[in-house]
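> I would like the atomic coordinates for the input below:
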Amino acid sequence: IMLPIELTDFRGAQTGKAITLDWQTHSEINSSHFVVLRSSDNIHWDKVGAHEAAGESYLPISYQLKDPDPVLGVNYYRLLMVDRDGQSEFSETIAVEFETDGQWEIFPIPAEDVLQIRLEVALDSELQLLSADGRLIKTLVVDRDMTHYSIDLTSLQPGVYVVQWLAEGTLLESKRIVVY
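Numbers count the residues shown, from 1 in each chain. You can find the predicted model right below:
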């Protein structure tokens, strides 16, 4: 099936806590809408959103849609281009990396009673407090809707500890802290 939508560009980039997808058509005849699909494995696809098409155009048109919930690591995207007759066609697949480097803050250091953790990117993940020898002391489940956490340190002996931030079993970041 060859649709009367001439796609000339499709790209994506991380913009803060989201991925912004941009695409452009050279011309459109009888176009209805675009459905943006995302996959973490390039096999199973989920709908991110939809965008109405121009319908009829012989001039270049630019479109944009933000994915507010990308997965950590590689995100695969493709467009489902649908015309008014219900016929559809997939675009090529693009891959966009979503990273979290340096997007958390731990304070105060050294800490005494309570450790505060602020996450710049809220992901379904977990925070772990470990002793210097790697023994797990406490795990906090990180909710996608929360970005600020507190860890009670009153039961800990003074010393060096490690806070780890993990998502889907992958270590994102690790920081050493001092408790006095």
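> and the nearest residue to L166 once chain neighbours are set aside, how far from Q164?
Residue nearest to L166 in three dimensions, not counting chain neighbours: E126, with 5.3 Å by C-beta to C-beta, 6 or more residues apart in numbering. Every residue, glycine included, has its C-beta placed from N, CA and C. Here E126 is placed at a distance of 8 Å from Q164 (C-beta to C-beta, to the nearest Å).
> quick one: low-confidence ranges for this protein?
1-3, 100-102, 122 (pLDDT under 70).
> nearest residue to the residue sitting nearest the centre point of it in space, please, no chain neighbours.
The residue lying closest to the centre of the chain (C-alpha atoms, centre = their mean) is P70, at 2.7 Å. Among residues not flanking P70 along the chain, F98 sits closest, at 4.2 Å (C-beta to C-beta, 6+ apart).
> can you pull the contacts of the one you found?
Q14, I19, P70, V71, L72, G73, V74, N75 (C-beta atoms under 8 Å, 6 or more residues apart in numbering).
> go through the residues you listed and say which is closest to A111.
Of all the contacts of F98, L72 has the smallest distance to A111: 27.1 Å, by C-beta to C-beta.
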